[in-house]
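Trainee: Could you work out the structure for the sequence below:
(2 chains)
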Amino acid sequence: MKSDYRLGIDAGGTFTDFVLADRTGQVRLFKALSTPQDPTLAIRNGLQLISEDLGVPAEHVVSNCDLCINGTTVGLNALITHSGAKTGLICTAGHEDSLEIRLGHKEDGYRYDPEYPPATMLVPRYLRRGIRERILSDGSVREPLNEADVRAACGVFKAEGVESVAISFVWSVLHPEHELRAAAIVREMMPGVILTLGSALYPQVREYTRTSTAVVNAYLAPIMKRYVAAVDSYFRSLGAKQPVRYFQSNGGLAIGQAMTDRSVYAINSGPASAPAAGQYVCAPFGYGNVITLDMGGTSFDITLTRDGSTNINKNIDFLRYRIGVPMIQVETLGAGGGSVGWIDEMGLLQVGPQSAGSDPGPACYGQGGKLPTVSDANLVLGYLNPDGLVGGRLPLDHQKAHDAIKTNLADPLKMSVERAAYGMFTIVNANMVNGIRRVTVERGYDPRDFVLVGAGGATAAHITALADAMGINTIVLPKLASGLCAFGQIISDVKYNYMATAPVRLDNDAALSRIDALFNQIEAQGTAHLKTDGFKAKDIVTRRSLDMRYVGQVHECTVEIGTFKVDAKSVAKITDAFHKRHKDLYTYAEPQSVVEVVNIESTVYGIVDKPGRMTIGKGATAKKALKGHRDAVFSADGKRVRTPIYDGTPLGAGALIRGPAVIEEVTTTIVLEPGWTARLHESGSYLITRDRKKGAT
Amino acid sequence: MARKTAKKIKVDPITLSVVRGILETTQREMTLSLEKTARSSVFNLAHDYSTALFNATPEMILQGQDIPIHLGSLIPAMKVVAGYFGGDIHEGDLLIHNDPAWGGSHAIDTCFYKPVFWKGRLKYWTVCKGHLTDIGGPVPAGYNPNAREIYAECLRIPPVKVWDRGTPRKDVLNFILTNMRARRDQEGDFNALIGACQVGERALIAMLEKYGEETVDACIATLLDMAERQMRGLIATVPDGTYEGSAILEDAGHGFGDFEIRAKVTITGDNCHIEISSPPQIPYFINSYEGNSYSGVYLGLMMFAQLPPPYNEGLYRCVSVDMGPKGTICNAAEPAPHMNCTTTPMETLTDAVRLAFEKAVPSRVSASWGHANGLNIAGWDKRHNEEYVTMVLATIISGAGATPSQDGWHACGPECCFGALTSGDVELLEYSYPIIIHRYSLMTDSGGAGKFRGGSGTAWEVEPLNDDMTFITFGEGRRIPAVGAAGASSTMIDTKVGRLELVEGTQSQTIRENVIKVIKPGARITNMNPGGGGYGNPMERPVDKVVRDVKNGLVSVKGAQEDYGVIIRDPATLDVDIAATSALRAKRAPAAE
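Mentor: As a prediction, this is how the structure comes out:
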């Protein structure tokens, strides 16, 4: 890193986190309240905090940053609140409704619910205009593009005030010319309109997925364009050296223009930096199999990385909209500090998914919240400091927490407040464990082969209990946990996904050379893009993957092949990799069956140099950092145990703390259950391990 | 038995919640394993399978919320299968069964039962059942409209052990597979079903190891009791009395005429008795044996109960069912042919039950959904020189019924699947089969009229790519539209029912019965399935909602007038003649009752 600073700004639901890394490796964390109505306001407020803390003007900080990086929820919020742009769809006549038919499926869990509403259409039916044209499954043209139909559609769009247009034809992925010609007509008829082409944004087989992805992109593009323009010009006015980088849900950075063209990549960027951060904090210990857990106020996000490769989702429903482009797999549950405990119709205790949010917040915040939340339970259990969080800036009301649990849960269930609180703790943990199973067991991984990394403010109170339940022996908990996602963004590389479709059976040489040519073609595009972003050839890396299946199967699995050339020599290696992946996932392989490729992808990275590593020097021993004791509960009987409380701030590298204990960091509280020991490592993370005598595994 | 021992142990409500979560996760993992590994697209795309967990009694302790076709039908099947072997069940056994006369649904739904042992004793059963692509017999894929007896439909498998104390009985498996087409696919699907049973077994044993047998038993017994209390609580809110519902099963081309299926629901306190009466069985494949009919009855009950998952047998303890005399359409006896039963007559049976409940509690109702009316296609794929045959799931995705709070979902049916089905992507279908899909869309004026409109049905238009194609139509709902609720009814009928249009050159015809035909490239068929029923008087639907539907092409200008009494003066501006509309609506309102 050549400049003084690198700045990461990550907007979350409640707080926007600011991470400032300097040349020495020191990392500072700041938090400003998020301002969803005008996200740039939170950025201004946060820069103000930094400026006050460093005693220099914001211009000084920004102009001395090599990079400023922003993870934004602008697209996500527009999708949640259905406040995107007025969008029109141009599609193949007869297929106007794939977006609304949604493959004919109603989400599981709502089968008999008479009030569960259909998904809100981002483009109403009257703005989905069918065009007479047809390409067939071999790429041939059955019916040429009817240009008059395109012009008529533009007429409707203009009359209706459409701001953004998606174009997506059946099989356009094998013959993009119809989409390109239609786009030229739209540009001519509607100058200034924002256009998204299915075959350009997501060139993969599956018409519904491609059309839906294009529509989500078109719906968000004008919003993202305005946001990016505002942020870019603000940073320019502060003297930024480089255009702002934006974080994407594929786990990489993009510059502003890419963010406008490919807005759909922005929608779940917040938690997508967790894998990079998890890898980074585990590197000093040599761990490559990492599960990150991020528990905030309202939600719990899980990601998984194995041998350096992170679980990716493609072709999934996100907020009820089908999205094709690759996104870091983030399993999200409604389980956070604000999750509410309640008793269901069957008389069973439940926790979440509904949350008290930040307003009114948990009962213990004393802002009028009456419902018992996980934070209230953690306070009653003695985990959280009754004097308050964030160094006392957020005081907590023990009595209110106690009363909320007593009235709503303990009395109706006829149990003590401590037992009810421990019950909430147990149930929210059980929910999180079931979520962790979804990224591990359901993906063919044994959770015991992984270490846990804690991120988010609330995770550290639960993490030893979660590790116990999963049979996991090792936890890495950075002091910076509460800002770990923002940190992950500043150590990430620029990353673009380039895709193509190649539905062929892998049993002939012509198929192989076709696939290889397609790879070369998309990689040339990706490299050219990165060069315009200013990357030199030596800093550009590509990675290939293929979506493959046995002939006759419906689901593909993705096989990563690094940088292999696809030819007669390498094909055995590639199919072997597929057989192995299939066996890992589904317990068996069929080596005798013919394999087919459906889609291919190259990921191109522009490598960004990384800030120096943080180091912790010699500081206080555990004994010196002991603040006092609190009674805490670690068992279902509600029994209180006298538990030492440590101040994490002065601790030096090598400090050793045995559970049961509580370590209070400024923005997080670590609960060590009995049987766990934490050692602070010089890299700024606690390495928490299960004591041998307890661990049966 | 399990209940008595359990009562002695006090169940901690926290552990109870955790055990319930583990059971649900176990079932989810079984389902996922099955879906990802199976070869049959009826599993992969249609989700036409079911997984369940039973205790040793055997009572169902968790039913996957999968497809309603299987709702509850595993309960009688499990009891019959376990009863057949009595005490002769051992660790490492694995059972297979498909026969409807032994408690099964239709024979192409083949089921595996794995007894789970703990410390030498039978504790649970993990059960997986799925719709295979073939089950032997004279017609590929099992649907034989010419069968006059079950013997002419399929291979019948009564309860049989395919593993005996851990050893696979290769001779038995070979015997079964030898009788089926596409042996390799069937073998693959057997493996998928067995694998899912084992996934469940593993998770249940881990649960016992962690929480202990007594605690887990007590939790499961409590969960069953709680479900019972929940259903009883709901039934108790229904006024005591007897309520009757009836629905018409259309003649689908068999020539025996229309039939009436009736349901009589008697509520006494918190108990519910359901009595079904249906005409004598016929030598055509629409008879339903008792196990399958349970699914139809329970779906009608669930349309009233509207409960969220999880589901277990406790729900049905207060419900008794009399399926009528043996030898009737809804309680068929050997040798009745039956293969079409999971859609027809099941959906009509469901309607009869739900209509009885509508009389009991008019406020707690969903209108009927469109019935299954679809296509199978078959032919030769010149691109790969191989035969193809498939049920086209997209063709049965009908409209959902409206509810007291909202319009029905478009394209979500048929009723017997209740949204569990998926249709498959148009490009994937054209890649897999030599066809051109010209249209897959919602249909104007297909949703039943009502204050809340029924969901729109779908049209699927296809042309064979380069060779002849055989198509087979099946189903029902071609004359009588989906039954509305709370006084909903439509004036325009023809657009709301199922039918098929065949266009060959300048000739076109509409087909409304089960047929088998061959068409050539250049010819096109369009299968249209029914929309869902509406809710409430259509004259009370707000004018702006009708206008919005017209703008979106879901209702035509003519439909607005005929079905909703809304007169649109100018189709371009959608300008409404308010005075004429009010007058027409005032005149029409009583007629809609």
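
Trainee: pLDDT averaged over stretch B:394-403 - what is it?
Mentor: In this model, stretch B:394-403 has an average pLDDT of 96.

Trainee: Report the buried residues of it.
Mentor: For stretch B:394-403, a neighbour-count test (16 or more other C-beta atoms under 10 Å in any protein chain shown) marks B:394, B:395, B:396, B:397, B:398, B:399, B:400, B:401, B:402, B:403 as buried. The way it works is simple: take the backbone N, C-alpha and C, and place the C-beta from them, glycine included.

Trainee: near chain A too, which of these?
Mentor: B:394, B:397, B:400, B:403 (C-beta under 8 Å from any C-beta of the partner chain).

Trainee: what packs against whichever strand or helix holds residue A:670?
Mentor: Element membership of residue A:670 [criterion: DSSP states H and E] is strand A:669-672. Under the contact criterion of 3 or more C-beta pairs under 8 Å, 6 or more residues apart in numbering or on different chains; DSSP states H and E, strand A:669-672 touches helix A:463-470, strand A:661-664, strand A:685-690.

Trainee: Dump these into CSV; add mean neighbour count and mean pLDDT as well.
Mentor: CSV is the format used below for the helices and strands packed on strand A:669-672 (neighbours: other C-beta atoms under 10 Å in any protein chain shown; pLDDT from 0 to 100):
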stretch, mean neighbour count, mean pLDDT
helix A:463-470, 22, 93
strand A:661-664, 24, 96
strand A:685-690, 23, 97
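
Trainee: Of these, give the one that comes closest to chain B.
Mentor: helix A:463-470 (9.2 Å; C-beta to the nearest C-beta).

Trainee: CA atoms of that closest one as CSV?
Mentor: Listed next in CSV are the C-alpha coordinates belonging to helix A:463-470 (Å, rounded to 0.1, in the frame of the first residue of the first chain):
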residue,chain,number,x,y,z
ILE,A,463,-20.0,-18.8,19.4
THR,A,464,-18.6,-21.3,21.9
ALA,A,465,-22.1,-22.7,22.3
LEU,A,466,-22.5,-23.0,18.5
ALA,A,467,-19.1,-24.7,18.2
ASP,A,468,-20.1,-27.1,20.9
ALA,A,469,-23.3,-28.0,19.2
MET,A,470,-21.6,-28.6,15.8
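
Trainee: And it, how far out from the chain middle?
Mentor: Distance of helix A:463-470 from the chain centroid (C-alpha atoms, centre = their mean, to the nearest Å) equals 22 Å.

Trainee: Name the nearest residue to the residue of chain A found nearest chain B, ignoring sequence neighbours.
Mentor: Shortest chain A-to-chain B distance, computed as C-beta to the nearest C-beta: residue-wise this is residue A:106, at 2.8 Å. Nearest residue to residue A:106, sequence neighbours excluded (C-beta to C-beta, 6 or more residues apart in numbering or on different chains): residue B:419, at 2.8 Å.

Trainee: residue contacts, the spatially most central residue of chain B?
Mentor: Taking C-alpha atoms, centre = their mean as the criterion, residue B:416 is the residue nearest the geometric centre of chain B, at 2.7 Å. Residues in contact with residue B:416 (C-beta atoms under 8 Å, 6 or more residues apart in numbering or on different chains) are B:67, B:68, B:69, B:295, B:296, B:299, B:342, B:343, B:346, B:347, B:350, B:372.

Trainee: Where does pLDDT dip in chain B?
Mentor: Along chain B, the parts satisfying pLDDT under 70 run over B:1-9, B:40-41, B:45-46, B:65, B:590-593.

Trainee: give me the residue from it nearest chain A.
Mentor: For chain B, C-beta to the nearest C-beta, closest residue to chain A: residue B:419, 2.8 Å.

Trainee: still on that earlier bit, which secondary structure state does the residue of chain A closest to chain B sit in?
Mentor: The three-state label given to residue A:106 by DSSP: H, G, I helix; E, B strand; the rest coil is coil.

Trainee: what's the answer for the one 5 residues further on, then?
Mentor: In terms of secondary structure, residue A:111 is coil; the call rests on three-state DSSP.

Trainee: quick one on the thing from earlier: in a helix, the residue nearest to residue A:106, correct?
Mentor: No: with three-state DSSP as the criterion, residue B:419 is located in coil rather than a helix.
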